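Visitor: Turn this into a structure:
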Amino acid sequence: MKLKLIFLTLLLTTMQLALAQVKFEAKVSKKKLGVNERLRVDFEMNKDGDNFTPPSFSGFTVVGGPNQSISNSWINGKRSYAKTFSYFLEPTRRGKFTIRQAVIEIDGQTYKTLPIDVEVTGAVDKPKDGDDTDLLASENLHLIAEVSKSDPYLNEAITVVYKLYVSPRISVSNWRELDSPKYSDFWSQAIDMKQLKIENGEYEGEPYRYVVLRKTVLYPQKTGKLDIEPLTLSVSVDVPTKRRDIFGGRLYSTVNKTVAAGNRVINVKPLPLEGKPEDFSGAVGEFEFEVTTNKKELDATESLDAKVLVSGNGNLKLFDLPKLNVPNGLEQYEPQHNERVRTNLTGMGGNISDTYTLVPQYKGKYPIPSISFSYFDLKTETYKKITSEEIVINVKNGPDGSSIAGTSKTEGTNKKAVTQVGNQFRFLKLNANLQPIQKQHFFNSTGYWLSLTAPLLAIPLFLFFGKKRQDRLSDVSGNRVRKADKLARKYLSEAKKNLGSQKEFYIAMERALHNYLKAKLHIQTSDMSKERIQRLLKEQDVENSVSIEFMALLESCEFARYTPSSTSAMQQDYDKASRIIATIDKQL
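Guide: The predicted structure is shown next:
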């Protein structure tokens, strides 16, 4: 009895597994088509059956089919079978229709497909066949631009994520960019995509695979409706055909398709005027502000550092820091700007700072007055103002300057004392320029004989320098190098003059870098490709990190002409160019 029960259990389990493996389903080439287009319907099964009965196809006329295809294949000793009945339908009118259930008998069991809803719209301009491989590729491949927010404030970060959706019916073998968006009205930063990852998802309710191709953070620099230009790709798509190979496997046809993400419109809201502080410089986000010094007690002529620091999340690279005001007794130097900013999908985060070097000249107490920083808080949609604390610097030893200590440079009524350290009598004329009563005559003097012999002695020098000049003029390659070096210095100085004027500054900067390369690497402008420049720098034993910085600076000059930039960012790029050129000079 026990053996019978075990045998019956095994038999039922085997039958259930056999039944579970049977697959019978209906697929359509599209779920929405024009009244002048054709629809392909496939009924697929993984086991052969009998008495196949198609639905009535109400609302359609059968113009082709049924076409029957069978596929048999053996992989690692395992058999794979597929049988398909295909119909080509032509709509009879507009409306919503249902492809009803088809019925088949497999191993004595009856199986039915699920109904599929199809919508027929008005006629389209270019009708396509439901069996067209180009159409199949178009309807199963989609490039989508997902925008995090469609109505941001001015200088509020938004994210654009480009996703390529691919239906399981097709496969993608290759892709390349045809046209990249310029983001002319935005400050943009691309997020580094280290590795593309295929994920499962849905598109319009159907299962799809997708891959994230690009992530970009944008800060709008204008108000109103701004266009985000589409990303355009050329994709090689493998589309299944009705043909089979000698083993029964389905053959594929490769179609090159051009897909675009579509133009997206962003409505940028202006920052409110109500409650806007007078010292507001364009900071948008969530920030903290402080002013600190590394010393509060020191002697005269010693130096201290005062740092103005803004940290948090927001458009850190797109506004200027407030200026530091100090009393007259403190000598103030130009600040050193520093940025420690990272950019991810939430926007910029980190801190920016200006560090001032201050040198007191006299003994006394010097109060550094408080300064304020204002920003627009996106969470509360209000302006906020942070004021630093007053800092008192105590100078213990030095000349007495009680009339100077405590007076601010911004106060026009206070003036410096005449007395200065180490130069107390500078208002007295120490050189009287007196002349002797008895003058020596020029004739027979040392100067007389030097003036007679100097021309004779100068002749060999003129001949020597003349020959050198002739050799230099005949040195075409050397002249080209010297000219390029001169132009590099010229354009770098021209870039410094154009600080504040973004386009002219970066054009002059790029010219200076190119002419510097011509001077040092002996190459022409037509030969300047990134690969050649990197290879030549490597051959000249220039450190790899310096070479990478130089190439990054060239790319920054190219992109910065089309994206907004602050004066502090331009100053930083100028300082970086000077430092890199000096470093390469030492290594060449």
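
Visitor: Just name whatever secondary elements the longest helix along the chain is in contact with.
Guide: If you go by DSSP state H, the chain has its longest helix at helix 446-474. Applying 3 or more C-beta pairs under 8 Å, 6 or more residues apart in numbering; DSSP states H and E, one finds that helix 446-474 makes contact with helix 476-497. Yep, even glycine has a C-beta here, placed from its N, CA and C like the rest.

Visitor: picking that back up, could you give me the average pLDDT of the longest helix of the chain?
Guide: Averaging pLDDT along helix 446-474 gives 79.

Visitor: Name the residues of it that come out as buried.
Guide: Counting neighbours by 16 or more other C-beta atoms under 10 Å, one finds that helix 446-474 has no buried residues.

Visitor: just stretch 310-330 next, same as before
Guide: 310-319, 321-322, 324, 326-330.

Visitor: what distance separates it from the centre of its chain?
Guide: Stretch 310-330 sits 25 Å away from the centroid of its parent chain (C-alpha atoms, centre = their mean, to the nearest Å).

Visitor: Distance check, G224 against V268.
Guide: Taking C-beta to C-beta, to the nearest Å as the measure, G224 falls 6 Å from V268.

Visitor: out of the two, which sits in the busier spot?
Guide: V268 (21 against 12; other C-beta atoms under 10 Å).

Visitor: And the next helix or strand past the helix or strand hosting the more buried one?
Guide: In the assignment (DSSP states H and E), V268 maps to strand 264-268. Sequence-wise, the next helix or strand downstream of strand 264-268 (DSSP H and E) is strand 284-293.

Visitor: what are the pairing partners of that following strand, and which direction each?
Guide: Its sheet considered, strand 284-293 pairs with strand 304-314 (antiparallel), strand 372-377 (parallel) by DSSP bridges.

Visitor: chain center to the shortest one: distance?
Guide: When you say that, I think you mean strand 372-377. 26 Å.

Visitor: which residues touch that strand?
Guide: Strand 372-377 is contacted by residues 153, 271, 277, 279-281, 283-287, 289, 310, 314, 321-322, 382-388 when judged by C-beta atoms under 8 Å, 6 or more residues apart in numbering.

Visitor: Could you identify the helix or strand that succeeds it?
Guide: Downstream of strand 372-377, the first helix or strand assigned by DSSP H and E is strand 382-387.

Visitor: Could you check the helix or strand following that next one and say which residues are buried?
Guide: Counting by DSSP H and E, the next helix or strand C-terminal to strand 382-387 is strand 391-395. By 16+ other C-beta under 10 Å, the buried positions in strand 391-395 come out as I391, I393, V395.

Visitor: wait, which of the residues you listed is closest to V217?
Guide: I391 (36.0 Å; C-beta to C-beta).

Visitor: Tell me who's in contact with the spatially closest residue to the closest one that is not a sequence neighbour.
Guide: Leaving aside its sequence neighbours, I391 sits nearest to I368 (C-beta to C-beta, 6 or more residues apart in numbering; 4.4 Å). Taking C-beta under 8 Å, 6+ apart, we find I368 in contact with V291, T293, A306, L324, N325, V326, P327, L330, E390, I391, V392, I393.

Visitor: Show the pLDDT at the fifth one.
Guide: In this model, N325 is scored at 90, pLDDT.

Visitor: wait, it sits on S370?
Guide: No - judged on C-beta atoms under 8 Å, N325 makes no contact with S370 at a distance of 9.6 Å.

Visitor: quick revisit: could you turn the buried ones of the contacts of strand 372-377 into a PyMOL selection?
Guide: Buried residues among the contacts of strand 372-377 (16+ other C-beta under 10 Å), as a PyMOL selection:
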select buried, resi 153+271+280+283+284+285+286+287+289+310+314+321+322+383+384+388
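
Visitor: Now do the phi/psi pair for F505.
Guide: phi -60, psi -50 (degrees, to the nearest 10).

Visitor: Pipe the buried residues of strand 391-395 into CSV and attach distance to T583 and pLDDT per row.
Guide: Converted to CSV, these look like this (distance: C-beta to C-beta, whole Å; pLDDT from 0 to 100):
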residue, distance to T583, pLDDT
I391, 36, 93
I393, 36, 92
V395, 38, 91
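
Visitor: any idea how far F319 lies from G350?
Guide: Computed as C-beta to C-beta, the F319 to G350 distance reads 14 Å.

Visitor: before we move on, what about D400?
Guide: From D400 across to G350, the span is 44 Å (C-beta to C-beta).

Visitor: and the two? which has more neighbours close in?
Guide: More neighbours surround G350 than the other of D400 and G350, with 15 against 12 (other C-beta under 10 Å).

Visitor: Which elements pack onto the strand or helix carrying A82?
Guide: Take DSSP H and E as the rule and A82 turns out to sit in strand 78-91. When contacts are defined as 3+ C-beta pairs under 8 Å, 6+ apart, strand 78-91 packs onto strand 39-45, strand 60-75.

Visitor: Run a quick neighbour tally on V22.
Guide: Counted with other C-beta under 10 Å, the neighbours of V22 add up to 15.

Visitor: same check, this time on F505
Guide: F505 has 25 neighbours, counted by other C-beta under 10 Å.

Visitor: For it, give me its contacts.
Guide: F505 neighbours (C-beta under 8 Å, 6+ apart): A495, N498, L499, M570, Y574.

Visitor: Including distance to I548, pLDDT and neighbour count, could these go into a markdown table?
Guide: Output for those, formatted as a markdown table (distance: C-beta to C-beta, whole Å; pLDDT from 0 to 100; neighbours: other C-beta atoms under 10 Å):
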| residue | distance to I548 | pLDDT | neighbour count |
| --- | --- | --- | --- |
| A495 | 21 | 78 | 25 |
| N498 | 26 | 80 | 17 |
| L499 | 25 | 79 | 15 |
| M570 | 21 | 80 | 21 |
| Y574 | 19 | 81 | 19 |
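
Visitor: Can you pick out the most distant pair from those residues?
Guide: The span of the contacts of F505, defined through C-beta to C-beta, is set by N498 and Y574 at 9.8 Å.

Visitor: tell me the SS of A512?
Guide: Here A512 is recorded as helix under DSSP: H, G, I helix; E, B strand; the rest coil.

Visitor: Give me the pLDDT for it.
Guide: 81.

Visitor: any idea how far I228 is from P270?
Guide: 19 Å.

Visitor: Who has more neighbours out of those two?
Guide: Ranked by neighbour count (other C-beta under 10 Å), I228 and P270 place I228 first, with 23 against 10.

Visitor: Number of residues surrounding the residue nearest to that one when sequence neighbours are not counted?
Guide: Of all residues not flanking I228 in the chain, R264 sits nearest, at 4.2 Å (C-beta to C-beta, 6+ apart). Number of residues near R264 (other C-beta under 10 Å) recorded here: 16.

Visitor: How about the contacts made by R264?
Guide: R264 makes contact with A145, V147, S150, V160, D227, I228, P230, according to C-beta under 8 Å, 6+ apart.

Visitor: tell me which element the last one is part of?
Guide: Looking back up the chat, that one is P230. For P230, there is no helix or strand it lies in under DSSP H and E.

Visitor: shouldn't it be in contact with A261?
Guide: Yes - under the criterion of C-beta under 8 Å, P230 makes contact with A261 at 4.6 Å.

Visitor: list residues touching both of the two?
Guide: With C-beta under 8 Å, 6+ apart, P230 and A261 have common neighbours A145.

Visitor: What ranges in the stretch 101-250 of the chain fall below the confidence cut-off?
Guide: For the stretch 101-250 of the chain, the stretches flagged by pLDDT under 70 are 125-135, 242-250.

Visitor: show me where it has helices.
Guide: All helices of the stretch 101-250 of the chain, identified by DSSP state H, counting those that start in this stretch, fall at 133-139.

Visitor: can you map out the strands along it?
Guide: Counting by DSSP state E, counting those that start in this stretch, one finds strands in the stretch 101-250 of the chain at the ranges 103-106, 109-112, 116-121, 141-147, 158-166, 171-179, 186-191, 198-203, 206-220, 224-228, 232-244, 250-260.

Visitor: Okay, now the sheet partners of the first one, with direction.
Guide: The strands that strand 103-106 pairs with in its sheet are strand 50-53 (antiparallel), strand 109-112 (antiparallel) (by DSSP bridges).
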